[in-house]
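Undergrad: Whatever this is, show me its structure:
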Amino acid sequence: MQEFLDRVTGFLPPGTAFIYGAGIVIVILGGQYVTCLLQETLMLPWMKQENQLQRKRLLEEKNNQKS
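TA: Numbers count the residues shown, from 1 in each chain. A predicted model of the protein is given here:
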């Protein structure tokens with residue numbers, strides 16, 4: 001059984017490669033989280049979804065009053 005496991009694990013890279021890979025994944029996910037957080041924080045008021053919906057509703061009301 002040990003011989004079989006040695007043959008299978010012989011094709012795998014060293015354990016440090018997995019550790020570096022996990023570290024890179026953590027850095028990428030952390031960067032993505034920070035980017036999304038900054039994008040939401042620095043968004044201008046007219047870009048926000050609720051403000052766009054309110055603007056659309058006001059424009060529709062204005063167009064209905066003209067008709």
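Undergrad: Give me the neighbour count for residue 51.
TA: Residues lying near residue 51 (other CB atoms under 10 Å) number 13. Using the backbone N, CA and C atoms, a C-beta is placed for each residue, glycine as well.
Undergrad: isn't it right next to residue 45, touching?
TA: Yes - between residue 51 and residue 45 there is a contact under CB atoms under 8 Å: 5.7 Å.
Undergrad: Show me the helices in this structure, by range?
TA: 2-9, 15-41, 49-66 (DSSP state H).
Undergrad: Pick out the residue nearest the middle of the protein.
TA: Centroid check for the chain by CA atoms, centre = their mean gives residue 32 as the closest residue, at 5.1 Å.
Undergrad: Distance check, that residue against residue 64.
TA: 43 Å (CB to CB, to the nearest Å).
Undergrad: now residue 4
TA: Noted for residue 4: a distance of 76 Å to residue 64, by CB to CB.
Undergrad: next one: residue 45
TA: 25 Å.
Undergrad: Much appreciated, bye for now.
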